[in-house]
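Trainee: Provide a 3D model corresponding to the input given below.
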Amino acid sequence: MTTPGYTPVEPLQQLRARGTGPHRMTGRPWRSALRWPAALALVVAGATHLPVTPEHLKEAPYIGVAFIVLMAACGVLAVAITAWDTTVVWWLSGVTCALAVAAYGLSRTFALPQIGDDVGNWLEPLGVAAVSAELLTVVLTALALHHHRSRAVLPTP
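Mentor: Next up is the predicted model:
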């Protein structure tokens, strides 16, 4: 039985109008001011890997390929975060950069196959630049998600 004047889509449309509901993950962009510095940090994070990729492809191909994947991911996410900064894009940006920081720490702590000479080399200039940009992206992601979540739970008049 249906009620006259009621369409089942109305509740979802009302949730969307308030910025809550299932579409929050992929729906309307937030237009956060943090998206611009995050995009720049993603570009820097990707670009810092470009000069060392050829030598890593020769020395440790799996690391070179990982750098290529990271550069591509950072480029795509930088564009996505400026055009469509949703929960999913923010999470992907933060997780991608957090994994890159973890991989850097792992390579500087343990002798990975074919790149054991990186152990202890914490202050390599491109590495420091990359980790700085990646950590900045993680921090900006946390701030953006926290800000958006605190706004989303506020009651609307």
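
Trainee: can you give me the helices in the chain?
Mentor: 10-18, 35-47, 53-59, 61-83, 87-109, 125-152 (DSSP state H).

Trainee: for those, which one sits closest to G116?
Mentor: Among those, helix 87-109 comes nearest to G116, with 9.4 Å by C-beta to C-beta. C-beta here means a position set from N, CA and C on the backbone, and glycine is covered the same way.

Trainee: which strands and helices lie in contact with that closest one?
Mentor: helix 35-47, helix 61-83, helix 125-152 (3 or more C-beta pairs under 8 Å, 6 or more residues apart in numbering; DSSP states H and E).

Trainee: just give me how far the shortest one sits from the chain centre.
Mentor: I take that to be helix 35-47. Its chain's C-alpha centre and that of helix 35-47 lie 9 Å apart, by C-alpha atoms, centre = their mean, to the nearest Å.

Trainee: please renumber the chain so that the first residue is 549 from this point on.
Mentor: Okay, residue one is now 549; in that scheme the one you just asked about reads as helix 583-595.

Trainee: can you give me the buried ones in that helix?
Mentor: Neighbour-count burial for helix 583-595 flags R583, A586, A587, L588, A589, L590, V591, V592, A593, G594, A595 (criterion: 16 or more other C-beta atoms under 10 Å).

Trainee: what's the angle from that helix to helix 609-631?
Mentor: Counting by axes from the mean of the first three to the mean of the last three C-alpha atoms, to 10 degrees, helix 583-595 lies at 160 degrees to helix 609-631.
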